[in-house]
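> Compute the structure for the input listed below.
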Amino acid sequence: MKQRELFLLGNTVDELGGVAGWTHQMARLFTGRGHSVHVIGVHEAELKMPLPDNQGYPVTSLYPNHPRTARRISGVQRLNPAARRQEAARVADKKRAVAQLGGLLEGARHGSIVIATQVWPMEWLREVDTSHLRIVGMSHESFAYSRACHRYHWIKRHYPHVDRWLALTQEDADIWIHEGLQNVGHMPNALAHLPAVPSPRTEKVVASIGRLADQKGVDMLLDTWAEVAPFRPDWELRIHGAGADEPQLRAQCTELGLDGSVRWMGRTSDVPGVLAESSVFVQSSRGEGFPLALMEAMASAVPCAAFDCAPGVREIVRDGEDGLLAPAGDIDALADRLLRLTGNPRLRDDMGDRARVNVQRFSQEQVLDQWEELFELLER
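As a prediction, the model looks like this:
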């Protein structure tokens, strides 16, 4: 198999969250296939994920902190020395970061591949000479979630210029093609781990794993659990994750009278261990891409109840076969799905067993083969 030089360029290299986790997962897999890999982030994260001291590939951050946002100085602001100094410092910092990125890429072999794992880093990449490289752009969220925020315009601005850009599902790729982008394909995330032993599903525990941020909808999960808990007094909801919204969410939990049935577990580096102690997994996100936590739960034979908030979710979960989906944002419907799974051991077992089998269509080997096919296509 041909060995290639790959650069994975994202917002950060160490942020606690799905994209950084995916980045290091793929860096390890690409390295295992014999490729040379360098992981690059725009800046170091504040809320960091645990990383080993030696990943087996170089890791670089262009800024120690989140870079300043460009601000137009006009009118009376032009007379403000502090504002002018701040903007001059931002411009100087960006020139330095662009020069550092250019230095990392200029020595790469002709035809080496840069994978922009998120669209924001394109702001720096497009100021670098990449004429000798192939550029792949990615989005790790659904079209609908991008469309509702500024990233839609960033994608429309930056990704028409790349050699290939990848949505997570064919459904979203088709929508982007309809939006006028003709270089679109799709690539699913890879299942990170298949535990040797599935969860026994004996504990009366519902697990949630994710950042405590608006996108993950933990506030809606608490409202949902308020409908479930009175009917399942012997069940417990364990919320694994950390984030800026934790104080408000804990206050909401108390206001709903749920402190006796909700446990705040903090962040975890042992997802398989968490799932081994769970019998149901719940995902209440407002928006998703191709959620790794959902796949990991299924790999552990833990049946899932989730909001159908993105094509990636319904690509992973086959509703009624290996999990249960509720309309996005419908708290009553999600509560119904949780009541069904927590109240029916046979349903849990049947769906959990089917989930473990079905999710293996996203195995690392199969997804890596798809990447190799893409690399060969770019070299034609």
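
> can you count the residues close to A310?
Counted with other CB atoms under 10 Å, residues neighbouring A310 total 27. Heads up, the C-betas are built off the backbone N, CA and C, glycines and all.

> okay, and for the stretch 201-350 of the chain, where does confidence drop off?
Across the stretch 201-350 of the chain, not a single residue meets the criterion (pLDDT under 70).

> ranges for the helices of this protein?
Along the chain, the stretches classed as helices by DSSP state H are 18-32, 81-106, 122-125, 143-147, 151-158, 170-178, 218-228, 246-255, 271-276, 292-299, 311-316, 331-343, 345-358, 364-378.

> quick one: buried residues of stretch 173-181?
The neighbour-count criterion (16 or more other CB atoms under 10 Å) identifies A173, I175, W176, L181 as the buried residues of stretch 173-181.

> out of those, which one sits closest to H35?
Within these, distances to H35 taken as CB to CB reach their minimum at A173, with 24.6 Å.

> Would you check that that closest one makes contact with N183?
No - taking CB atoms under 8 Å as the contact criterion, A173 and N183 are not neighbours in contact, 10.4 Å apart.

> Leaving out the residues flanking it, which one is nearest to A335?
Ranked by CB to CB, 6 or more residues apart in numbering and with sequence neighbours excluded, the top spatial neighbour of A335 is E227, at 3.9 Å.

> how many neighbours does that neighbour have?
Other residues near E227 number 16, with proximity taken as other CB under 10 Å.

> With H110 instead?
9.

> What sits closest to it if chain neighbours are left out?
Setting aside the residues directly before and after it, H110 is nearest to H132 in space (CB to CB, 6+ apart), at 4.7 Å.

> residues contacting the one you found?
A108, H110, G111, S112 (CB atoms under 8 Å, 6 or more residues apart in numbering).

> right, and out of the buried residues of stretch 173-181, which lies closest to T23?
When the buried residues of stretch 173-181 are compared for distance to T23 (CB to CB), A173 wins out at 20.9 Å.

> P247 is in contact with W264, correct?
No - between W264 and P247 no contact is recorded; they are 10.9 Å apart, counting by CB under 8 Å.

> which one of these two has more residues nearby?
The neighbour count for W264 versus P247, taken as other CB under 10 Å, is higher for W264 (16 against 9).

> how near is the residue lying closest to the more buried one once chain neighbours are set aside to R232?
The spatial neighbour of W264 that comes closest, neighbours along the chain excluded (CB to CB, 6+ apart), is I239 at 5.6 Å. Applying CB to CB, to the nearest Å, one obtains 16 Å for the distance of I239 from R232.

> which residues are contacting the lengthiest strand in the chain?
Among the elements of type strand in the chain, defined by DSSP state E, the one spanning the most residues is strand 36-43. Under the criterion CB under 8 Å, 6+ apart, residues 3-14, 23-24, 27, 30-31, 55, 57-67, 97, 101, 104, 120-121, 124 lie in contact with strand 36-43.

> Relative to E296, which of the buried residues of stretch 173-181 is nearest.
If you rank the buried residues of stretch 173-181 by distance to E296 using CB to CB, A173 comes first, at 24.4 Å.

> So for the closest one, what's the pLDDT?
pLDDT, the model's per-residue confidence, is 96 for A173.

> Now do it against P50, distance only.
When distances are taken as CB to CB, A173 and P50 turn out to be 33 Å apart.
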